[in-house]
Every structure is written in structure tokens, then in C-alpha cells.
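Student: A predicted structure for the sequence below; I have some questions about it.
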Amino acid sequence: MYLENKTNLEIEMSQTSAQVHQGRSSLRSPEAVEGNFGELRLLQGISERRDTQKLQQSVLPSGQCVIHTDGYVPVRQEDGFRHNFTAVNILRGKTNSANFTERSPLLRFSHDESLSYLTLHDPGFIGEEEPWPNGSLDVERRYRLGSEVASLSRSSSTEKYDPLENFSLSFRLTSSVKCCFKISKTAAIFAFVVLCSLFFSMYPDRDNPWRMLAVSPTESFSVNVTDFRDNALLKLQVAGPFAGGMIDLTTQEYILIKVEQTEQPGQRRRRTQQVIYNWTIPLHAERSDQIVETKTFEMLSSDPIAITIQAFLLDNEVVPLSMTHQSLYVSVETQVAIAGVILAGVYVLIIFEIVHRTLAAMLGSLAALAALAIIGDRPSLVTVVEWIDYETLALLFGMMVLVAIFSETGFFDYCAVKAYQLSRGRVWPMIIILCLIAAILSAFLDNVTTMMLFTPVTIRLCEVLNLDPRHVLIAEVIFTNIGGAATAVGDPPNVIIVSNQDLHKEGIDFASFTGYMFLGICLVLLTSFPFLRMLYWNKKLYNKESIEIVELKHEILVWRQTAQRINPASREETAVKCLLMQKVLTLESLLRKMMKTFQRQISQEDKNWEHNIQELQKKHRITDKVLLVKCVSVLGVVIFMFFLNSFVPSIHLDLGWIAILGALWLLVLADIQDFEIILHRVEWATLLFFAGLFVLMEALAQLQLIDYIGEQTALLIKVVPEDQRLAIAIILVMWISALASSLIDNIPFTATMIPVLINLSQDSDVNLPVKPLIFALAMGACLGGNGTLIGASANVVCAGIAEQHGYGFSFMEFFKLGFPMMVMTCMMAMCYLLATHVGLGWNM
């Protein structure tokens, strides 16, 4: 490790005379110096550069080093004096092999009779002085710490550049405003968190126990609820062997729950008023799975409520059930309003990047849980944990580990060169090829898996071609979401639709669903490519700077992120962090110099692509062929199991289990010894974001938001005239599903809308076929994920991986491209639905 000077600033400072007060005999405490160590700049070297070598030869004699102390904050002195240095201090290094060994600390503070200085010791440094007793060499280099360099240098620069006084003043004012905004933001968010925590802690968990019961055609169950308050809602939960969807009362078995309340005459009412609710739940034929059904009823007063449960079966058997009830103190409209405010607040935090999206999801989850506690429906910790979809998290974690090991083989660089060769150096053919392959793969694989495999390849390819990876990645993830809608296994909403038994009875199975959706998505893809080209018409896909400047900027970003991840728990770690930060400052100085002299213009097409391919093939090769064989074998088995899981029901492994087992296989075959490197590449922020998002969406569902959207959609369809009802229903379901899926998770929305649409189709007053409504729901739920960054899981995963590589894109950057694509694709899908169902009558 070499500590060098790289810029002209140090040369200027080395020519300035040092001004030292007379109180040098007072010693600085190590704690005082350590407290200001964060401002110290240690020059970590790039010794091969010519200007550095000239500086070492012309300025520094043998055994001397340079330390830059710009911006160093003075430390306290016991006698009140301060040391003032205005120059870079050059000290003679002294080697004492008797005092230093290979176990000597990297960082320590030393004192002599007049100076305070820092000793930096690196056993790996090769010097020209006395050797270690065991054969290695050591050079101790001492650096004098200047205390008021920053103030003196600022004053001298002010005197030298008088025309910049106004600019400096405005810069200071801008910095003050930013500082005030940052403090206000932190204080407001902290106050909000404290307030939500207080509300959440003031109310107990819902502790109503589950009551076990059994009903049959000959025996019913009745109970009276007396502990009820005025202006409250009754939330009833029943668990049993239920089946989803609408039922045929003449042929199917079901449970009938009757909720009745009678309000006696009093001060508010002069005569008796009664309210009766009938709740019908179909039973599953096999009586195996226990499903919890929930419904909320509006009550009149605090008078007792009678609940009666009856069973209507084909034979005289007993059905075991369990039931619990809860009193809610806020109306449904108020709950929906609260949920809407919370969701809007989360989007404001993400859109304007006030906090990281992971923290925004956690804050939204806390606010939703506090709202549930206030209305009297606070969930327990076990319930909240059950809301998290661990299968999705396991799939993400397993694939992240697989991709992390796969990246060590150099396969992604090799694929990038091959894609460049296939496109013959032309950018748009290459982008179209990548998007088309991503769309085809996502039709058969999970969208998240497709983007986890494609994102590293795309980033490396763009780095090779000096392209901005952000625009290419956004285009890829958009077409991934479009391609996922083509088959029954490409997107989770499609899987939910095909798995519904009531829709099977309506003729919506795997083959019919895939055939209809595949044709429509092909038409959408054909129009999406020209529209994408039009969206990117004025966008510069090439970087505006040369590839050297782009790589230097990316290197600066990676060095800074690496330094920020170091927790300075010890002096050694503090020294390493300061070395990394000085590396950043040195590279930034070099970047400014390169930007001033840069005059190059980038052409939009690489005409020397054949020569470039030869150079790239020499540079980017497979680095570990043995590991590549192992990775390809395991990944091939994992993808094959993904396919079998969709078509072979006898394989009792979910996607999460398959990914976890594949990661375990590859960890064993690759003989990974350092797990920290692999775990460091796992996107923990993305996993935590999904966990917070699952809790947020389930809490919003508990606040009746999703049910309210479904009910209002059904009411809008019912008021349409009958001759236009089918077309209006398709349009409403399509666009409401698309907009809702771009704002909230499309999985709970799809699961909620399916029974709403089934009931709507079987309503004799509406008289609508169910197939057009279900296909409109599928199109809107899948294509709507392109509307926002958090509209689909693949969007978040792609953004997380890109951010890890230093190319993260914001919510608005995605929105500017994704939302127009969503509108255009939904328009094409709507035209396809109207032409086939309204025009051609494909309703059977």
C-alpha cells in the first residue's frame, strides 16, 4: 500500500510556509485526535501514474511521504494554544525494527517533545530500509497533523478569487437550507414514528378466542353477543372446509350464517328496528383444507346480536367449524380513507426519495398497524409475521445466492460480448434482442428469476459499450412484465386465476387461458417495440462522456459505497475507511481534470465493431470453467424443476423451496469458504422491502381498501345500460385492475376481485359472462405492474441489483418510461378484449 500525492493542490501547499505558535510543548490526547480523524485525508496510491512519480522524485526525498490535511478540524489543547499549519508536512520516516513487529497495530498516535503525529503501519509495504527479523520489510512513516489548514486555505482562496465571493455566499445559503430541510425531515419522521408507536402500544391485541363448534343439517348453532358498543362494526371470522367463489344453492353444499340485531324503542327511535344479514359460504367437497372467511357487518346499537349458523348438506354429516368476532369502532368508509392516506404517504416518500423505499415500506406498515390498533383490530406479532409471503422471500434469497456464485465465472461478461456480436455493434437491434429474450423467458419462468439472470448481463454489456444501463434495464423489465402475462405460469395473478376451482367449472383452465392470453400478448408485443423506440427517441442511450470518464465515475461511486459500509468500530477500521475516502477524493480530483479536457463526441453507432469484438473477446473470457459447469448444471436443474412444479402436481416443492435447495447444492459443489462475500451480494434491502410491503398490503386489506375497490367496481357495472354493459364492464375491470396493480400488490387484488367478478356474472340482474371479466382482470393486473417502480416484484428486484452495481434508478425515472408503456399496452389489450368478446363473441 503506497501513500502518495496525486494532485497539484498538494504541490502548492508544500510550497507554503508553516506557521506554528509557541505552545508546541503541550501534547494532544489520542482521544482528541481520534475524534477528528474523520476529516483526515490519507492518499492511497495509484503509483503507476506519471504525475505521481514526478512528484515523488522532485518533491519528496527518500523515505518521506505526504499527507493532505485540508478541512482538518483543530483539536483541544491543554494550554489553549493551537498549532497552525498551512502546508503539506513532509517528515523523515524512522524505522526501528526493535519497536515494531508484524503484529504492530495499523494505526497509533505518537508524541515527541514538539510534535503530534500519526503512525500508519502496513506490514505488506515493501520499503528500502532495515528488514524484519523474520524476513519482511517495514517502513514507518510519520505525518504531522495540521490543525487550521482548512481555515487558512479558505481565507487564502478567498483573497485569490475575489469574484467568487457571491458564489460562495449563495453556496453557503444553499447548504444552510439543505441542512435545515434535512433536520426538519428527520424530526418530522421521528415524531411520526414515535406517535405511531404510542398509538400502537396503547391498545391490546385482539384476544377474542376461537370458539369450536359443529353443525349439521339437523343441528344448528346459535350464540348471543352482548359486549358490543354503539356505532360499532361486527367483524366475524369463520374457519372451516370452505371453497371460494359463488355457489349454486340447488346442487352445492354450503353454510348459512345469519346475523340479527333488534333495537328496542328508546330516545333515538320511537319504534323497533331490526337488521338481518345472511352470509352464505360454500363447502369444499373433500372437507380437507381449513380456510378462514371474514366479513364485516354494520350494527344499529349496543343491543345484543344473535348469530345463527346452519348447514345445508346432501347427507346427514357433521361439519366442524371455528368462529371468533371482533368489535370495530370505525366505519368502513373511514377505514378506507385511512388506508388511502397511508398508501399515498408511502408513495410520496418513495416518489420524492425522502427516504429509501425500504424505510418507506416499513413506515407505511407501522402506520397501518397503528391504524388497526386504533379501530380495535390490532393484530398480534404472530399474525403480522404470518402476513409475510415467505415463499417469495425464499425464491429471492435462493436466486440471489445462485447469481452471486454464477457471477464469479465470468459468464455474464462472455454473454455481453456475444450479444454485442449478434447485434453487429448496433444498439437498438441489441436492445430489441435482449427485451425479446426476456419476454420469452418470463412467459415460462418467474419474472423475478428472469430479471435476476438478465440484470448482471445487461449491466456488463452496457459498460462494455459505454451505454447508460438504466434505460436498457427499464426497457427489459417492462417487457419481462409483458411477457409474463402470456401464459398461466408467467405471472402470479395468472397462477391464482388458473388455480381457482370455480373458474375451472366455467371453462378457464390452463390450455384455454394460455391460448387466449398468448395471442393477445403477442399483439401487444408487436406494438410495444415501435412505441418503445418512440419513447427513447430523444434519449441519449450512449453516455455523454468517454468510456474512461464513465468508468472513473462508476469507480468513485463504488469506492464511496464501500467506505460507507465500513463500521469504524476499531482504529484499524477507521484507518481503512479514511484510506477509502481519500481514494474517492483523489479520483474526484482526477475526474475534474479529465472533464475539463474532454472534447470527444460519441457516435450513435459503433462502426469499428468487428475490431472491438476481437478486443472484447480477448479481455472478457470465462475465468473459471469448472465453476461454470457446476453453476450451469445446478441452475439448469432449478429451472427444470420450476417447469415441473407448474405441470406435475405430484412434486410437493414450491418455488421458494426449489431456489433454496438449488442454492444449497451450489454452495456445496462450489466449496464456498468465505460466506461473507456471498452474503454481501444478497440484496438484503430488497428482501426487507418485500417483507414490509407484504405487511403493508395485508394491513390495507384489513382496513377494507381492496374489498371497497371491488365493491365499487361492481356497483359501477350494475348502473350501466344492459346493451353496453359488457363493453363497459371490460373497460372498467381492465383499467381499474391496471391502476390498482400499479399502486398496490396485484396478488391480493386479484384474489379479492375473482369472487367479486364471479358473483357479478352469476347475478341475474347483471347477466354478464365471466370469461371476459376474468381475462380483463388478468390483462390489467399483469400489465399494470409497469406503471410504477413498486407495481411489480421484478421492478424492485431489478432496481435493487442495479443499485448494488452503482446504476440505481429512481421512482420518477422508471415512471417516465413505465407509465406510458403501461397506458399503451393496456390500450392494445383493451382493443383485443373488445374485438374478441364484443365484436366476435368469444364468450363461451
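Tutor: That came through fine.
Student: the longest helix seen in the chain packs against which elements?
Tutor: Criterion DSSP state H: the longest helix present in the chain is helix 165-202. Counting contacts by 3 or more CB pairs under 8 Å, 6 or more residues apart in numbering; DSSP states H and E, helix 165-202 packs against helix 357-374. For every residue, glycine as well, the C-beta is placed using N, CA and C.
Student: alpha carbons of the helix it packs on, as CSV, please.
Tutor: What follows is helix 357-374, C-alpha atoms only, in CSV (Å, rounded to 0.1, in the frame of the first residue of the first chain):
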residue,chain,number,x,y,z
ARG,A,357,-38.0,2.8,-0.4
THR,A,358,-37.3,0.0,2.2
LEU,A,359,-37.7,2.5,5.1
ALA,A,360,-40.8,3.9,3.4
ALA,A,361,-42.5,0.5,3.3
MET,A,362,-41.6,0.0,7.0
LEU,A,363,-43.0,3.3,7.9
GLY,A,364,-46.2,2.6,6.0
SER,A,365,-46.5,-0.8,7.7
LEU,A,366,-46.1,0.8,11.1
ALA,A,367,-48.8,3.5,10.3
ALA,A,368,-51.2,0.8,9.1
LEU,A,369,-50.7,-1.3,12.2
ALA,A,370,-51.2,1.7,14.4
ALA,A,371,-54.5,2.4,12.5
LEU,A,372,-55.6,-1.2,13.1
ALA,A,373,-54.9,-0.8,16.8
ILE,A,374,-56.9,2.4,17.0
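Student: that one vs helix 165-202, what angle?
Tutor: Taking axes from the mean of the first three to the mean of the last three CA atoms, to 10 degrees, helix 357-374 and helix 165-202 form an angle of 40 degrees between their directions.
Student: who does helix 357-374 touch, helix- and strand-wise?
Tutor: Using 3+ CB pairs under 8 Å, 6+ apart: helix 357-374 touches helix 165-202, helix 332-351, helix 684-702.
Student: the strand or helix carrying Leu726 versus helix 332-351: what angle between them?
Tutor: Remark: Leu726 resides in helix 725-743, with elements defined by DSSP states H and E. When the same axes, to 10 degrees is applied, the directions of helix 725-743 and helix 332-351 differ by 50 degrees.
Student: and the next helix or strand after helix 725-743, which residues are buried?
Tutor: Following helix 725-743 in sequence order, the next helix or strand is helix 746-761 (DSSP H and E). By neighbour count with 16 or more other CB atoms under 10 Å, helix 746-761 contains the buried residues 746-754, 756-761.
Student: next, the angle helix 746-761 makes with the following helix or strand past helix 746-761.
Tutor: Downstream of helix 746-761, the next assigned helix or strand under DSSP H and E is helix 770-783. Helix 770-783 and helix 746-761 are oriented at 160 degrees to each other (the same axes, to 10 degrees).
Student: now the helix or strand that helix 770-783 is followed by: average pLDDT?
Tutor: Downstream of helix 770-783, the next assigned helix or strand under DSSP H and E is helix 793-804. In this model, helix 793-804 has an average pLDDT of 88.
Student: which strands and helices sit next to the following helix or strand past helix 793-804?
Tutor: Beyond helix 793-804 on the C-terminal side, the first helix or strand identified by DSSP H and E is helix 811-833. Under the contact definition 3+ CB pairs under 8 Å, 6+ apart, helix 811-833 sits against helix 332-351, helix 469-484, helix 510-535, helix 725-743, helix 770-783, helix 793-804.
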